[in-house]
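Engineer: dropping a prediction and its sequence here:
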Amino acid sequence: MFALNAPAAEGRIVTSGGHNDGECESIYLRYNQDHVMCRQHTSTCQPIATGIEDSDKDKILAAHNRYRNQIAIGNTTRLPPAANMMELEWDDDLARVAQADANLCSNQPSCSSCMRIEKFPIVGRTGCLIRTDNEDNNRDWEGCIGLMFEESSRLPDTGLNAPIRTARGAESFTQLAWATTWRVGCGYVKYPSQRS
């Protein structure tokens, strides 16, 4: 059995396990001593496949923006239309951080300052961990991003005029649907599952 881990980092407007050589750039340490770019890979993690290809970027952006468009026009049952929903763009710096996070082979949440980069003081993290017996390296970005957006069903139905807050179990949805999120970068790793 394999586990596929695909974290995403999002940059927001506000109104790798990083390095095998043990070195960490001081800018990351300034943000947090436990920044994902400074963490060491675990010895139990033996990746079979890693990294994002150019074709993945297009699929990731298309899926995110399609779901975000549905929210923007009010095609969701629990959310009002978004007046200021921004279209996502790819960011290679966020992707480097997301890949460093993926390389840790953990789906544990990271603190915002643990993923911060110079141009984005606030970086959110989402991700999906999929267990599969499939030995190929096909990446189901549509399925992964779809799972994140399905978390919207966990939002309390408080009416369309009530303020929306992050609900437990809907953190990935909240990050990806945040109207002023405008940049995204993802990482990918496939590794043997520890679960039998």
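Structural biologist: Perfect, I can see it now. Residues are numbered from 1 along each chain as shown.

Engineer: remind me, longest helix of the protein?
Structural biologist: In the chain, with assignment by DSSP state H, the single longest helix is helix 54-72.

Engineer: quick one: contacts of that helix?
Structural biologist: 8, 52, 76, 79, 81-82, 85, 87-90, 139, 141-142, 145-146, 149, 176-177, 184, 186, 188 (Cβ atoms under 8 Å, 6 or more residues apart in numbering). Backbone N, C-alpha and C define where each C-beta goes, glycine included.

Engineer: now do the buried residues in that helix.
Structural biologist: Going by neighbour count (16 or more other Cβ atoms under 10 Å), the buried part of helix 54-72 is 56-57, 59-61, 63-65, 67-68, 70-72.

Engineer: okay, those in TSV with pLDDT next?
Structural biologist: As requested, those are exported to TSV (pLDDT from 0 to 100):
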residue	pLDDT
Asp56	94
Lys57	96
Lys59	95
Ile60	95
Leu61	96
Ala63	95
His64	94
Asn65	96
Tyr67	93
Arg68	93
Gln70	92
Ile71	90
Ala72	92
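
Engineer: just the mean pLDDT for the strand or helix carrying Leu29, thanks.
Structural biologist: Using DSSP states H and E, Leu29 maps to helix 26-31. Taken as a whole, helix 26-31 has an average pLDDT of 87.

Engineer: show me what it is packed against.
Structural biologist: Using 3 or more Cβ pairs under 8 Å, 6 or more residues apart in numbering; DSSP states H and E, no helix or strand is in contact with helix 26-31.

Engineer: for that helix, list every residue counted as buried.
Structural biologist: Going by 16+ other Cβ under 10 Å, helix 26-31 has these buried residues: Tyr28, Tyr31.

Engineer: any chance you could list what contacts the helix or strand that that helix is followed by?
Structural biologist: Per DSSP H and E, the first helix or strand lying C-terminal to helix 26-31 is strand 49-50. Strand 49-50 has contacts (Cβ under 8 Å, 6+ apart) with Gln99, Ala102, Asn103, Asn137, Gly187, Tyr188, Val189, Lys190.
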